[in-house]
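> no sequence on hand, only this structure:
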């Protein structure tokens, strides 16, 4: 399952072109906001909208968010969406989707694994992607909603999508992965799932993010900023006690076949902060 390269889907809205690139030199950035920051530094300039997932998304409880990184008014915004997007993106086989440019006309993106179809507005969004394996980010006059319920904090993602003339994104992940040590993985999964007392949120009857049984009152509106390691995995802020624990993170990554060391995990936040300083961390609003 593990890879020495981060795989990124680059989408040019202006030219209606896409390509997938592998970045072996970015493996140390793990995922989520860490990977997004590195991509923004190396390739973004002032024009980037980056959706990134982490190695635990789709495999462990409470690793339920998707990192979304962009500039707004010169400031870097890091936001985190709930819903099923993190799992769908994880099972495309991609680590991130990097969108740049502006569509000439309002557009719908239909992303299936590593392929992109550029559709005109008016296309039946419900007919796109694969049922049961897709997540839909849709834009109306007032908000951007994910899976018809979840949304980004403060509605700032809505503004960026309007600027890019992007009406909707349908992301389908249909790939499967082998887990090297299935028995150990299932033991660790059950152990984490049982740690609901370590969550800083109460169970409710609202829709749950993928990989979470809590259905909490706060899942709808997503998150802003937070712990660098937690949001590079990309886990929920309410599970910070679990996923800021270096030993637990090491165990999760190790059982999935990733070769990160304890030292690399411990030094990771500083690595990302160094990247952010080069992005002009003085203008960063949340990270």
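Done, it's in. As the structure is a prediction and not an experimental result, all values here were calculated from the model.

> okay, residue 196: pLDDT?
Looking at residue 196, its pLDDT stands at 94.

> what's the neighbour count on it?
Around residue 196 sit 16 other residues, with neighbours defined as other CB atoms under 10 Å. Every C-beta, even on glycine, is put in place using the N, C-alpha and C of the backbone.

> what sits against it?
By CB atoms under 8 Å, 6 or more residues apart in numbering, the residues touching residue 196 are 203, 214.

> can you report phi and psi for the residue positioned nearest the centre of the chain?
Of all residues in the chain, the one closest to the mean position by CA atoms, centre = their mean is residue 66, 2.5 Å from it. Phi and psi for residue 66, reported as degrees, to the nearest 10, are phi -120, psi 130.

> now do the same for residue 135: helix, strand or coil?
Put simply, residue 135 is strand when judged by DSSP: H, G, I helix; E, B strand; the rest coil.

> so how far is residue 99 from it?
According to CB to CB, to the nearest Å, residue 135 and residue 99 sit 16 Å apart.

> do residue 178 as well
According to CB to CB, residue 178 and residue 99 sit 30 Å apart.

> helices or strands up against the one helix or strand residue 51 maps to?
For residue 51, the element it lies in under DSSP states H and E is strand 49-52. Applying 3 or more CB pairs under 8 Å, 6 or more residues apart in numbering; DSSP states H and E, one finds that strand 49-52 contacts helix 32-39, strand 66-72, helix 85-90, strand 96-100.

> redo that, cut-off 6 Å
Strand 49-52 makes packing contacts with helix 32-39, strand 66-72, strand 96-100 when contacts are defined by 3 or more CB pairs under 6 Å, 6 or more residues apart in numbering; DSSP states H and E.

> contacting residues around the second one?
Counting contacts by CB atoms under 6 Å, 6 or more residues apart in numbering, the residues outside strand 66-72 that touch it are 32-33, 36, 46, 49-52, 77-81, 85-86, 160, 234.

> any buried residues in that strand, and which?
Applying a neighbour-count criterion of 16 or more other CB atoms under 10 Å, the buried positions in strand 66-72 are 66-71.

> bridged to the residue nearest to the centre of the chain, which residues?
residue 81 (DSSP bridges).

> sheet partners, orientation included, of the helix or strand of the chain with the lowest mean pLDDT?
Using mean pLDDT, DSSP states H and E, the weakest-scoring helix or strand in the chain turns out to be strand 223-224, at a mean of 86. Note on strand 223-224: by DSSP bridges, its sheet partners are strand 75-81 (antiparallel).

> what's the distance between residue 208 and residue 215?
In this structure, residue 208 and residue 215 are 4 Å apart, going by CB to CB.

> ok, for residue 205, nearest residue in space, not its chain neighbours?
residue 215 (5.8 Å; CB to CB, 6 or more residues apart in numbering).

> dump the residue contacts of the one you found.
With CB under 6 Å, 6+ apart as the criterion, the residues that contact residue 215 are 204-206, 208.

> what's the neighbour count on the residue nearest to residue 90 when sequence neighbours are not counted?
Take residue 90 and drop its neighbours on the chain: the residue closest to it by CB to CB, 6+ apart is residue 58, 3.8 Å away. When counting by other CB under 10 Å, one arrives at 20 neighbours for residue 58.

> assign residue 58 to helix, strand or coil.
From three-state DSSP, the assignment for residue 58 is coil.

> show the average pLDDT along the helix or strand hosting residue 161.
Mapping residue 161 onto the secondary structure by DSSP H and E places it in helix 156-163. Summarised as a single mean, pLDDT over helix 156-163 is 91.
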